[in-house]
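J.: what's the 3D shape of this:
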Amino acid sequence: MLLSRSLSRTARRTRLQLMDHRRLHAGAGAPPPLALVQSGIRPESLPRHVAVVLDGNRRWAQERGLLTPDGHEAGRRALEHVILLSHAWGIRALTTYAFSQENFRRPKARPSLPWPNFSCTPIGIRVHVIGDPSRRPRSLQDAAREAEEQTRNNSKLHLMLATCYSGRWEIVEACRELARRVQGSLLRPEDIDEQLLAGELRTSAAAGEELSCPDLLIRTSGEQRLSNFLLWQSAYSELYFTDTLWPDFGEAEYLKALSSFQSRERRFGQRTA
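T.: Down below sits the predicted model:
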């Protein structure tokens, strides 16, 4: 009886805490551009492509006495929020890093597709799932294929979900493709340059070369490394690290990241006069 009451109290506390977090992200619909202006952000100077490492779901749950799936659910809701904000503010591409190839080394690792619970079709979001398809379970492959097919005619925001992804793997795959062309006498080795290789990267195939590289790369939860994410594409990305755990990353934190981006001088390796 005591155990039953204890479990009942724990379940009720879990539900209440998740409800509080859902309220935090309620009203995540498209805010007016005025929100940017009020924060001192210049809408005309926003990054075209933002990449985010979604880190801290499990820690968020542990700190609240919740289970890991509760953290992932809270993280999914935070992702919905950020997608809608990006869409509303006119950002053209958003790439999220949810499950890496290295994550397979964890005990009982199960990759999942962080697919938000809303239809992207009416608001013009196009979904791309990038990463190694051979490492994904069949159910995840089917979900990815369905999402891409349903949104293939959209173009306002390219949403790239990096699942079973590795930056090193992506570069190796690009090199293999170029090697196959050389072997088939379709390309000479001396013709290979940075532009050709960049064109074979997954982000280029998804969103086009113009939007392939993120202008701003955000990582949550206090870690300050790329962790094998967009290694080629982030060569000149502005990096923003925050201690905020991903489920708590909302409009205020996003605006801070954008403000930090606009405070920097982007020289791309060149000197200014």
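J.: Surely Leu211 and Ala93 touch.
T.: Yes - Leu211 lies in contact with Ala93 (C-beta atoms under 8 Å); the separation is 4.3 Å. Where you see a C-beta, it was placed from the backbone N, CA and C, and this is true even at glycine.
J.: Quick check: neighbours shared by these two?
T.: Common contact partners of Leu211 and Ala93 (C-beta atoms under 8 Å, 6 or more residues apart in numbering): 48-49, 158, 203.
J.: Closest to Asp142 out of those residues?
T.: Comparing those against Asp142 with C-beta to C-beta places His158 closest, at 21.4 Å.
J.: Would you agree the closest one falls within a strand?
T.: Yes - assigned with DSSP: H, G, I helix; E, B strand; the rest coil, His158 falls within a strand.
J.: follow-up on the earlier one: between Leu211 and Ala93, which one's more packed in?
T.: Ala93 (26 against 18; other C-beta atoms under 10 Å).
J.: and that one, what is it in contact with?
T.: With C-beta under 8 Å, 6+ apart, Ala93 has these contacts: 48-50, 157-160, 203, 207, 211, 214.
J.: how does it look with 6 Å?
T.: By C-beta atoms under 6 Å, 6 or more residues apart in numbering, Ala93 lies in contact with 49, 158, 207, 211.
J.: Columns distance to Thr68, pLDDT and secondary structure on top of these, output as TSV?
T.: Converted to TSV, the contacts of Ala93 look like this (distance: C-beta to C-beta, whole Å; pLDDT from 0 to 100; DSSP: H, G, I helix; E, B strand; the rest coil):
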residue	distance to Thr68	pLDDT	secondary structure
His49	30	98	strand
His158	30	96	strand
Ala207	31	95	helix
Leu211	33	97	helix
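J.: Just name the closest of these to Glu170, please.
T.: For those, the nearest to Glu170 is Ala207 (14.2 Å; C-beta to C-beta).
J.: residues contacting that closest one?
T.: Applying C-beta under 6 Å, 6+ apart, the residues contacting Ala207 are 93, 158.
J.: what stretches of the stretch 101-250 of the chain score poorly on pLDDT?
T.: Along the stretch 101-250 of the chain, the model assigns pLDDT under 70 to residues 101-122.
J.: Swap in 90 and give it another go.
T.: 101-123, 133-144, 146-147, 163-164 (pLDDT under 90).
J.: Would you list the phi and psi of the closest residue in space to Arg136 that isn't next to it in sequence?
T.: Distance criterion C-beta to C-beta, 6 or more residues apart in numbering; nearest residue to Arg136, sequence neighbours excluded, is Cys164 at 5.1 Å. Reported as degrees, to the nearest 10, the phi and psi values for Cys164 are phi 60, psi 40.
J.: is it true that Cys164 touches Asp132?
T.: Yes - applying C-beta atoms under 6 Å, one finds Cys164 in contact with Asp132, separated by 5.0 Å.
J.: which one of the two has more residues nearby?
T.: Higher neighbour count among Cys164 and Asp132: Cys164, with 25 against 15, using other C-beta under 10 Å.
J.: SS state for the residue nearest in space to the middle of the chain?
T.: By C-alpha atoms, centre = their mean, the chain has its centre lying nearest to Thr96, at 0.9 Å. Three-state call for Thr96 (three-state DSSP): strand.
J.: so what's it scoring on pLDDT?
T.: With respect to pLDDT, Thr96 scores 96.
J.: in which helix or strand would I find Ser260?
T.: For Ser260, the host element (DSSP states H and E) is helix 251-262.
J.: Show me the strands in the stretch 1-150 of the chain, by range?
T.: Taking DSSP state E, counting those that start in this stretch, the strands of the stretch 1-150 of the chain run over residues 49-53, 93-100, 125-130.
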